[in-house]
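Q: Sequence and predicted structure, then a few things I'm wondering about:
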Amino acid sequence: MVTRLSLLDAAWELGPQVVADRRYLHQHPELAFQEENTARFVADRLRELGIETRTGIAKTGVLGLLRGGQPGKTVLLRADMDALPIDELNDVPYKSLNPGVMHACGHDAHTAMLLGVARLLGERRDEIRGTVKFAFQPAEESQGGAQPMIEAGAMDDPRVDAAFGVHIAQDRPVGTVALGSGPMLAAPDGFTATIRGVGGHAARPHHCVDPIVVAAQCIVALQTLVSREVNPLRQAVITVGSLHAGTVRNIIPEEAVMQATVRTFDEGLRRRLAERIPALIGGIAAAMRAEADVRYDFGYPALVNDPAMTDLVREVVRETLGPDKLIEAEPGMVGEDMAYFLRAAPGCFFFIGSRNPERGLVYGHHHPRFDIDDEGRCRSASPPSPARPCAT
Ligand SMILES: [Zn+2]
Ligand SMILES: [Zn+2]
């Protein structure tokens with residue numbers, strides 16, 4: 001009979017294969033919507049396991065369908081496959097073979113782990129009540145592959161009752177699982193504002209409209225949106241991360257361009273800031289005789305974990321890894337494409353610790369020296385079942 005602990009035992013056995021798959025994927029990283037080789041690797045593996053497999057979903061997405069031997073509900077498990085435009089600086093045998101592209105966020109691990117789960121469950125299909133969907137999505141880091149996969153029917157036929165996903169967490173100790181319920185990750189929106197003035201000689205400002213001064217006023221005023229217009233019990237971040245204007249010190253330029261990110265959890269607040277930011281910038285520009293053009297970009301929605309599904313994950317972690325491995329996580333302001341799956345079905349997105357200072361594995365996500373402790377299972381304190389020798 002399949003129990004959580006018997007599955008855990010079987011998972012230990014699959015560890016070396018999962019590590020080998022992760023290192024293969026690490027060596028062959030591909031950027032968003034270009035995950036051709038990765039998708040082929042995933043689809044071949046799913047088909048070997050006898051899992052119904054659809055490819056080419058949202059360009060490079062792969063969807064596996066495992067019909068259990070007994071009737072029941074449908075659960076979707078999701079991994080992302082894309083890498084980042086970074087030159088890897090690690091000196092490891094599995095270093096990226098694709099110059100300028102690197103798995104620096106852990107999506108190689110997510111894909112390898114989900115293939116491990118597909119094997120684990122595929123070999124026990126007769127005992128499974130219901131259906132398991134394996135969603136390997138493209139482009140988490142850029143335009144987003146989740147929404148187009150959902151539009152292509154990933155949540156339908158059979159309708160998904162619950163969805164789960166994981167992310168490697170380099171800020172958490174290896175062997176731990178961190179989670180929380182409710183809004184956990186923010187909606188990562190943003191805008192580009194172009195302020196147009198009148199250029200000229202820097203010593204004759206009265207003949208000009210200086211867009212740099214207008215931009216400076218706008219940046220200061222933007223701080224007041226969060227401090228003066230947002231309920232102090234709600235969270236929002238506005239960060240102007242880029243400001244470009246001018247060439248030399250004795251010319252007033254025609255234009256200043258700023259780019260900013262705006263992060264929120266609450267949908268109402270999100271919409272409100274999307275109205276107030278262009279209004280504020282436009283009003284300040286007009287008051288100072290300049291013109292402003294604001295292009296507002298909506299990113300992923302906020303990621304919200306369902307309390308009941310999060311409790312289920314909590315219970316499984318306590319039972320299989322032990323209560324000392326469970327971390328109650330605070331929400332964070334980064335964004336995640338998984339949010340779309342969790343808007344379409346209740347579920348939980350949680351974090352698996354991968355940091356190990358003893359092995360120098362301390363560099364954060366998107367760093368050219370990012371690497372994870374994929375042998376961490378050997379070093380974490382023994383789970384409730386008998387400790388296994390490390391095979392990797
Ligand atoms: Zn990332
Ligand atoms: Zn990521």
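A: Received, thanks. Numbering: from 1, shown residues only. Ligands and ions are numbered 1, 2, ... in the order given.
Q: where in the stretch 251-392 of the chain is pLDDT low?
A: For the stretch 251-392 of the chain, the stretches flagged by pLDDT under 70 are 376-392.
Q: Show me the strands in it, by range?
A: Counting by DSSP state E, counting those that start in this stretch, the segments of the stretch 251-392 of the chain that form strands are 251-252, 255-264, 291-297, 303-305, 326-328, 347-355.
Q: In this structure Gly190 contacts Asp297, no?
A: Yes - using Cβ atoms under 8 Å, Gly190 makes contact with Asp297 at a distance of 5.2 Å. Just so you know, the C-beta spots here come from the backbone N, C-alpha and C atoms, and that holds for glycine as well.
Q: Between the two, which is the more surrounded one?
A: Gly190 (18 against 13; other Cβ atoms under 10 Å).
Q: which element is the more buried one on?
A: Element membership for Gly190 (DSSP states H and E) is strand 187-196.
Q: Parallel or antiparallel, list what pairs with whatever helix or strand comes next after that strand.
A: Elements were assigned by DSSP H and E; along the chain past strand 187-196, the next helix or strand is strand 200-201. Strand pairing for strand 200-201, using DSSP bridges, gives strand 251-252 (antiparallel).
Q: Ala139 belongs to a helix?
A: No - read with DSSP: H, G, I helix; E, B strand; the rest coil, Ala139 is coil and lies in no helix.
Q: For it, which non-adjacent residue is closest in space?
A: Distance criterion Cβ to Cβ, 6 or more residues apart in numbering; nearest residue to Ala139, sequence neighbours excluded, is Ala32 at 3.5 Å.
Q: Dump the strands of the stretch 251-392 of the chain to JSON lines, plus distance to Arg119.
A: Formatted as JSON lines, those follow (distance: least, Cβ to Cβ, whole Å):
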{"stretch": "strand 251-252", "distance to Arg119": "64"}
{"stretch": "strand 255-264", "distance to Arg119": "37"}
{"stretch": "strand 291-297", "distance to Arg119": "39"}
{"stretch": "strand 303-305", "distance to Arg119": "27"}
{"stretch": "strand 326-328", "distance to Arg119": "26"}
{"stretch": "strand 347-355", "distance to Arg119": "18"}
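Q: out of these, which comes closest to Ala10?
A: Nearest to Ala10 among the strands of the stretch 251-392 of the chain is strand 347-355 (18.2 Å), distances taken as Cβ to Cβ.
Q: Show me the beta-bridge partners of Gly200.
A: Ile252.
Q: what sits against it?
A: His207, Cys208, Ile251, Ile252 (Cβ atoms under 8 Å, 6 or more residues apart in numbering).
Q: before we move on, what about Thr53?
A: Thr53 touches Ala43, Leu46, Arg47, Val62, Leu63, Gly64, Leu65, counting by Cβ under 8 Å, 6+ apart.
Q: Partner strands of the helix or strand hosting it and their direction?
A: According to DSSP H and E, Thr53 maps onto strand 52-57. Strand 52-57 pairs in its sheet with strand 61-67 (antiparallel), by DSSP bridges.
Q: which stretch among the strands of the stretch 251-392 of the chain comes nearest Arg369?
A: strand 347-355 (12.9 Å).
Q: How far does that closest one sit from its chain's centre?
A: Between the centre of strand 347-355 and the centre of its host chain there is 11 Å, according to Cα atoms, centre = their mean, to the nearest Å.
Q: can you check stretch 237-248 too?
A: Worked out by Cα atoms, centre = their mean, stretch 237-248 lies 26 Å from the chain centre.
Q: for stretch 177-185, same thing?
A: 13 Å.
Q: Output stretch 265-278 as CSV, nothing but the C-alphas.
A: Output of stretch 265-278 as CSV, limited to C-alpha atoms (Å, rounded to 0.1, in the frame of the first residue of the first chain):
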residue,chain,number,x,y,z
PHE,A,265,-0.5,41.7,-2.6
ASP,A,266,-4.0,43.3,-2.6
GLU,A,267,-5.7,43.4,-6.0
GLY,A,268,-7.6,46.6,-5.1
LEU,A,269,-4.5,48.4,-4.0
ARG,A,270,-2.7,47.1,-7.2
ARG,A,271,-5.4,48.7,-9.4
ARG,A,272,-5.4,51.9,-7.3
LEU,A,273,-1.6,52.4,-7.7
ALA,A,274,-1.8,51.7,-11.4
GLU,A,275,-4.2,54.7,-11.6
ARG,A,276,-2.4,57.0,-9.1
ILE,A,277,1.2,56.6,-10.4
PRO,A,278,0.4,58.0,-14.0
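Q: So for that stretch, what gets flagged as buried?
A: Phe265, Asp266, Leu269, Arg270, Arg272, Leu273, Ala274, Ile277, Pro278 (16 or more other Cβ atoms under 10 Å).
Q: contact partners of it?
A: For stretch 265-278, the surrounding residues in contact (Cβ under 8 Å, 6+ apart) are 183, 186-187, 189, 191, 193, 222, 225, 229-231, 234-236, 238, 262, 264, 292, 294, 296, 298, 301-302, 331.
Q: Is it possible to mark the buried ones in the residues you listed?
A: For these, buried by 16+ other Cβ under 10 Å: 183, 186-187, 189, 191, 193, 222, 225, 230, 235-236, 238, 262, 264, 292, 294, 301-302, 331.
Q: which residue is nearest the centroid of the chain?
A: Taking Cα atoms, centre = their mean, the centroid of the chain lies closest to Glu336, which sits 3.6 Å from it.
Q: gap between it and Phe351?
A: Per Cβ to Cβ, to the nearest Å, Glu336 is found 11 Å from Phe351.
Q: Then Gly106?
A: 10 Å.
Q: what's the overlap in contacts for these two?
A: Joint contacts of Gly106 and Phe351 (Cβ under 8 Å, 6+ apart) are His167, Ile168.
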